[in-house]
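1. quick one, structure for this:
(2 chains)
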Amino acid sequence: GAGVSQSPRYKVAKRGQDVALRCDPISGHVSLFWYQQALGQGPEFLTYFQNEAQLDKSGLPSDRFFAERPEGSVSTLKIQRTQQEDSAVYLCASSLGPRGEAFFGQGTRLTVV
Amino acid sequence: AQSVTQLDSQVPVFEEAPVELRCNYSSSVSVYLFWYVQYPNQGLQLLLKYLSGSTLVKGINGFEAEFNKSQTSFHLRKPSVHISDTAEYFCAVIPSRDDKIIFGKGTRLHILP
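-> Prediction:
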């Protein structure tokens, strides 16, 4: 595609509900990143894939957060049993390779009520 | 561990005046340096990057930044701002031998008419 596409753009979840956020990277991009951006803050790293391999998940805040990229293209970030503190914009980015220019999607704004 | 500090959370400046947005980083290894811009309701967009070579780098929309290794700084400048520059600006680093981007908290640029 022309850019990184994320869906849904907005998600309201009741506390305790599971959610799944989707990222379609730019075709051919090897590297894929997930970031969490709280209101008024900079993006915080969550996890990183190179193709289908999850090379770094050190930023995932708890075991309720899980990410996958099974075929090395589309990625899904899943949050189980959502809590209010999970409310944030979740950003996905892709790049041709390590340390290449990262292209960001518009993000998914998650609000947990 | 690496960190990025943006000293100003907000910077007001009159239209057509010059602006400098400050960024300092801390790292035990060499880093690659970036500035990203986030326009209202849009995704992050790369403004410019320093990988190696000349310490003065030019980016899009008339912005430039200078890498100062001794001061561990990478300040962003523009000689004359326009109302369309209203946005949030994020300084970021990628440590060498790593792939994830580490962001600062951002600086909101307010252009005053």
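2. so what's residue A:25 up against?
-> A:4, A:32, A:73, A:74, A:75, A:92, A:94 (CB atoms under 8 Å, 6 or more residues apart in numbering or on different chains). Using the backbone N, CA and C atoms, a C-beta is placed for each residue, glycine as well.
3. what pLDDT does it get?
-> The pLDDT attached to residue A:25 in the predicted structure is 97.
4. so which bits of stretch B:104-113 are buried?
-> In terms of neighbour count (16 or more other CB atoms under 10 Å in any protein chain shown), stretch B:104-113 has its buried residues at B:104, B:105, B:106, B:107, B:108, B:109, B:111.
5. wait, isn't the fifth one in contact with residue B:13?
-> No. Counting by CB atoms under 8 Å, no contact exists between residue B:108 and residue B:13, whose distance comes to 11.3 Å.
6. for chain A, see how far away the closest residue to residue B:12 other than its chain neighbours is.
-> What sits nearest to residue B:12 in space, not counting adjacent residues and going by CB to CB, 6 or more residues apart in numbering or on different chains, is residue B:110, at 4.4 Å. Taken as CB to the nearest CB, to the nearest Å, the spacing of residue B:110 relative to chain A amounts to 15 Å.
7. chain A against chain B: which residues are in contact?
-> Residues of chain A lying close to chain B by CB under 8 Å from any CB of the partner chain are A:4, A:31, A:33, A:35, A:40-45, A:48, A:50, A:55-56, A:59, A:91, A:93, A:98-99, A:101-107.
8. in this structure residue A:76 contacts residue A:19, no?
-> No. Because the distance of 10.2 Å does not satisfy CB under 8 Å, residue A:76 is recorded as not touching residue A:19.
9. out of the two, which sits in the busier spot?
-> residue A:19 (19 against 14; other CB atoms under 10 Å in any protein chain shown).
10. next up, the contacts around the closest residue to residue A:85 other than its chain neighbours.
-> Computed as CB to CB, 6+ apart, the closest residue to residue A:85 that is not its neighbour in sequence is residue A:112, at 8.0 Å. Taking CB under 8 Å, 6+ apart as the criterion, residue A:112 is in contact with A:12, A:13, A:14, A:15, A:17, A:82, A:83, A:84, A:85, A:86, A:87.
11. who's residue A:112 bridged to?
-> For residue A:112, the residues forming beta bridges with it (DSSP bridges) are residue A:13.
12. per-residue pLDDT, it?
-> At residue A:112 the predicted local confidence, pLDDT, stands at 97.
13. now swap in residue B:95 and tell me
-> At residue B:95, the predicted lDDT confidence score is 88.
14. give me the number of residues near it?
-> Neighbouring residues of residue B:95 were enumerated by other CB under 10 Å; the total is 19.
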